[in-house]
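Novice: my questions are about this predicted structure, shown below with the sequence.
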Amino acid sequence: MAAKKIDIMDVRQLIQLKIRGESNRSCSTSLSIHRNTVNYYVRQLKATGSGYADLLSLSDAQLKELFPCRCASDSDRYEELASEFSYFKKQLLSPGGTREALWKEYLFKHPEGYGYTQFNEHYNNWLGQTKASGKLTHKAGDSLLVDYAGKKLPVVDKQTGEVQYMEVFVGLLPCSCFTFIEASRSQQMEDFIGSINHCFQFLGGSTKAIVPDNLKSAVSKASKYEPVLNKTLKDLALHYGCVINPTRSDKAMVEGAVRLVYQRIYFSIRNMTFFSLDELNCQLQKELVKYNDFLMETYQASRRKLFIELEQPHLQPLPSSAYQIKHYKRAKVQKMGYIYLSDTKNYYSVPYRYIGKRVELQYNRETIEIYFQSDRIASHKRVSLPGQYVTVKEHMSSSHQFYNDWSPEYFARLAENIGSKTVEYITLLIAQQDYPETGYKQALGILSLKKAFEKHRIEKACAIALTHDRCSYRTIKRILENNMDKAIEPPKTKQIFIPIHMNIRGPKAYN
């Protein structure tokens, strides 16, 4: 059956072209008729057994008889096909779903069914007549569109009455329009990543792509064609097995979802007062249930129903734990073989051969990883209390491994070579630290001063500094550099001795 019946005048033109020896493809081009339609009519003409010249001499009525009306049988076939259209629409949203595969499936059930051309023609006509035309063009489980609503929601501080306005994160699955929303204090990276985590937990799986629409928290350099993603978001994508695609033109769809959130959710809570972020989010989740269960006339189904039927089976399983945000910093490996993490004021060891090199730190709440030229050279469990040294003994060279033997007694023994006041001062300095390791480095600094100053001066400086409340390497160094240990001592009072002589008067002389 042809995809489209043509006029009898076109049939006559077709016969003339065939008399001239034109190919079916050439006839299709000349008459602007689909090639499959031309093929069909040529087959019908050949089936008569007559030559083209004889066929051309037939009247219009006689030519029409060569193409009998098949309305009744076509009607039955069409009804069989049309009953499958809703099924086709859903299957085409599945990954790998194609019209050709569905047509073959249809022919298997209906061997006398339409050819591929008419199959597409009827399906396209149905799509054009239904309200669902062109709406569900996204593949199921393919992408998550994310954005922030332009209008913020207020939270009132109970004690002060101060009003703070919260950002509202919106996540949308475009195939089913299933939606997630969450209020947060900002659009900063920590809040943005937290909302992505909560969104995937809400969905029960992850999509193959996240489309963040060039959000500042997602890209380090915006561009219409090739935005530069920040490292943290790339790391999140690796964790969930997806990609980040901020350049896709889905902006209108997520903005439409935001408008509906205003109408269906914001409007419902407009007269409510919230005194905490948790309280606001609790109410938003209640409203979100109603929103996703609302029957959409366009699809004659709710967002939740479409999500369960179309999207949920194609979501990727979630990792065993939610993504923990990673931070990135550059640091230089110190002479002692440690890098300093300023966030918590801790030190972490690095293999000694990287001393003096600049490395990259990648860390979250639990671990810190150290990279040199993209190679991981060290990994440590994070410590939370400041001032701690985290050491892997193998990181130290033979000349550095004695650091593991450091103790207050060790430094006291070294200080004996200078003097008792130095021993006393260094012992007190280490004792004053919350963690002895922070005092060891200062003690080492004081002992190294003997390279520039005489021992007796260091001993004198320690004696002077012991009168201070707080001990430190800088105090000793400042005393020595400013020559405070060389200050002139006040002269002792000279006692004058008077010998006994005749002019000495006793008590009786003053009666």
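Specialist: Happy to help now that I have it.
Novice: pLDDT weak spots in the stretch 201-350 of the chain?
Specialist: Scanning the stretch 201-350 of the chain for pLDDT under 70 picks out the ranges 213-229, 246-251.
Novice: quick one: the helices in it?
Specialist: Counting by DSSP state H, counting those that start in this stretch, one finds helices in the stretch 201-350 of the chain at the ranges 231-240, 251-261, 277-293, 303-306.
Novice: pull the helix or strand with minimum mean pLDDT from the protein.
Specialist: strand 219-221 (a mean of 50; mean pLDDT, DSSP states H and E).
Novice: show me the contacts for Val38.
Specialist: 14, 24, 27-28, 31 (CB atoms under 8 Å, 6 or more residues apart in numbering). Where C-beta positions appear, they are placed from N, C-alpha and C, glycine not excepted.
Novice: please repeat the previous calculation with a cut-off of 7 Å.
Specialist: Neighbouring residues of Val38 by CB atoms under 7 Å, 6 or more residues apart in numbering: 14, 24, 27-28.
Novice: considering the residues you listed, which possesses the most neighbours?
Specialist: Within the contacts of Val38, neighbour counts (other CB atoms under 10 Å) peak at Leu14, which reaches 25 neighbours.
Novice: show me what secondary structure element comes after the helix or strand that contains that residue.
Specialist: Assigned by DSSP states H and E, Leu14 falls within helix 8-19. The C-terminal neighbour of helix 8-19 among helices and strands, as given by DSSP H and E, is helix 24-31.
Novice: which elements pack onto that next one?
Specialist: Using 3 or more CB pairs under 7 Å, 6 or more residues apart in numbering; DSSP states H and E as the contact test, the elements touching helix 24-31 are helix 8-19, helix 35-46.
Novice: possible to save the ones you listed as CSV with mean pLDDT?
Specialist: Below are the helices and strands packed on helix 24-31 laid out as CSV (pLDDT from 0 to 100):
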stretch, mean pLDDT
helix 8-19, 84
helix 35-46, 80
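Novice: go through those helices and name the closest to Leu153.
Specialist: Closest approach to Leu153 among those is made by helix 35-46 (57.2 Å; CB to CB).
Novice: report the inter-axis angle for that closest one versus helix 24-31.
Specialist: With axes from the mean of the first three to the mean of the last three CA atoms, to 10 degrees defining the directions, helix 35-46 sits at 110 degrees from helix 24-31.
Novice: and helix 35-46, which residues are buried?
Specialist: Residues 35-42, 45 are the ones in helix 35-46 that count as buried (16 or more other CB atoms under 10 Å).
Novice: so, low pLDDT: which residues of the stretch 51-200 of the chain?
Specialist: Across the stretch 51-200 of the chain, the ranges flagged by pLDDT under 70 are 68-76, 93-96, 128-137.
Novice: distance from the chain centre to the longest strand seen in the chain, please.
Specialist: The single longest strand within the chain, with elements called by DSSP state E, is strand 163-173. Offset of strand 163-173 from its chain centre (CA atoms, centre = their mean, to the nearest Å): 17 Å.
Novice: heads up, I number from 36, so please use that
Specialist: With 36 as the first residue, the last one maps to strand 198-208.
Novice: beyond that strand, next helix or strand please.
Specialist: Toward the C-terminal end, the helix or strand that comes next after strand 198-208 (DSSP H and E) is strand 213-219.
Novice: that next one: how far from the chain's middle?
Specialist: Remark: strand 213-219 is offset 16 Å from the chain centroid, using CA atoms, centre = their mean.
Novice: so it versus helix 286-296, what angle?
Specialist: Taking the same axes, to 10 degrees, one finds that strand 213-219 is oriented at 70 degrees with respect to helix 286-296.
Novice: mind giving me the packing neighbours of strand 213-219?
Specialist: Counting contacts by 3+ CB pairs under 7 Å, 6+ apart, strand 213-219 packs against strand 198-208, helix 224-238, helix 312-328, helix 338-341.
Novice: same thing but 8 Å
Specialist: Contact partners of strand 213-219 among helices and strands, from 3 or more CB pairs under 8 Å, 6 or more residues apart in numbering; DSSP states H and E: strand 198-208, helix 224-238, helix 286-296, helix 312-328, helix 338-341.
Novice: helices or strands up against the third one?
Specialist: Counting contacts by 3+ CB pairs under 8 Å, 6+ apart, helix 286-296 is packed against strand 178-183, strand 198-208, strand 213-219.
Novice: quick one: which of those strands is nearest Asp45?
Specialist: When the helices and strands packed on helix 286-296 are compared (using CB to CB), the closest one is strand 178-183, at 45.2 Å.
Novice: who does that closest one touch, helix- and strand-wise?
Specialist: Counting contacts by 3+ CB pairs under 8 Å, 6+ apart, strand 178-183 is packed against strand 198-208, helix 224-238, strand 244-246, helix 286-296.
Novice: thinking again about what came up before, and the helix holding Leu49, what's buried?
Specialist: Neighbour counts over helix 43-54 (16+ other CB under 10 Å) mark 45-46, 48-50, 52-53 as buried.
Novice: out of the residues you listed, who's nearest Gln298?
Specialist: Closest to Gln298, out of all of those and judged by CB to CB, is Asp45, at 51.9 Å.
Novice: what's the nearest residue to the closest one if we skip its chain neighbours?
Specialist: In this structure, Asp45 finds its nearest non-sequential neighbour in Leu66, 5.9 Å apart by CB to CB, 6 or more residues apart in numbering.
Novice: one step back: out of the helices of the stretch 236-385 of the chain, deepest packed?
Specialist: For these, the largest average neighbour count (mean count of other CB atoms under 10 Å) is found in helix 338-341, namely a mean of 20.
Novice: ok, and the closest non-adjacent residue to Glu314?
Specialist: Going by CB to CB, 6+ apart, Glu314 has Val190 as its nearest residue, at 7.7 Å.
Novice: from what I see, that neighbour and Leu312 are in contact.
Specialist: Yes - look at Val190 against Leu312 with CB atoms under 8 Å: they come within range, at 5.9 Å.
Novice: quick check: neighbours shared by those two?
Specialist: Shared contacts of Val190 and Leu312 (CB under 8 Å, 6+ apart): 201, 218.
Novice: on that earlier part again, CA atoms only for the longest strand of the chain - export them in CSV, please.
Specialist: What follows is strand 198-208, C-alpha atoms only, in CSV (Å, rounded to 0.1, in the frame of the first residue of the first chain):
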residue,chain,number,x,y,z
VAL,A,198,14.0,37.4,57.6
GLN,A,199,16.5,35.3,55.5
TYR,A,200,15.6,34.3,51.9
MET,A,201,16.4,30.8,50.8
GLU,A,202,17.4,29.6,47.4
VAL,A,203,15.2,26.9,45.8
PHE,A,204,16.8,24.2,43.8
VAL,A,205,14.7,22.6,41.0
GLY,A,206,15.5,19.2,39.4
LEU,A,207,13.5,17.9,36.5
LEU,A,208,13.4,14.7,34.5
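Novice: ok, the residue nearest to Asp45 - contacts?
Specialist: 41, 45, 48-49, 52, 73.
Novice: so what pLDDT did it get?
Specialist: Listed pLDDT for Leu66 reads 74.
Novice: now do it against Thr83, distance only.
Specialist: Distance, Leu66 to Thr83, using CB to CB, to the nearest Å: 20 Å.
Novice: rewinding a little: distance to Asp177 added to the helices and strands packed on helix 59-66, as TSV?
Specialist: Shown next, in TSV, are the helices and strands packed on helix 59-66 (distance: least, CB to CB, whole Å):
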stretch	distance to Asp177
helix 43-54	43
helix 70-81	32
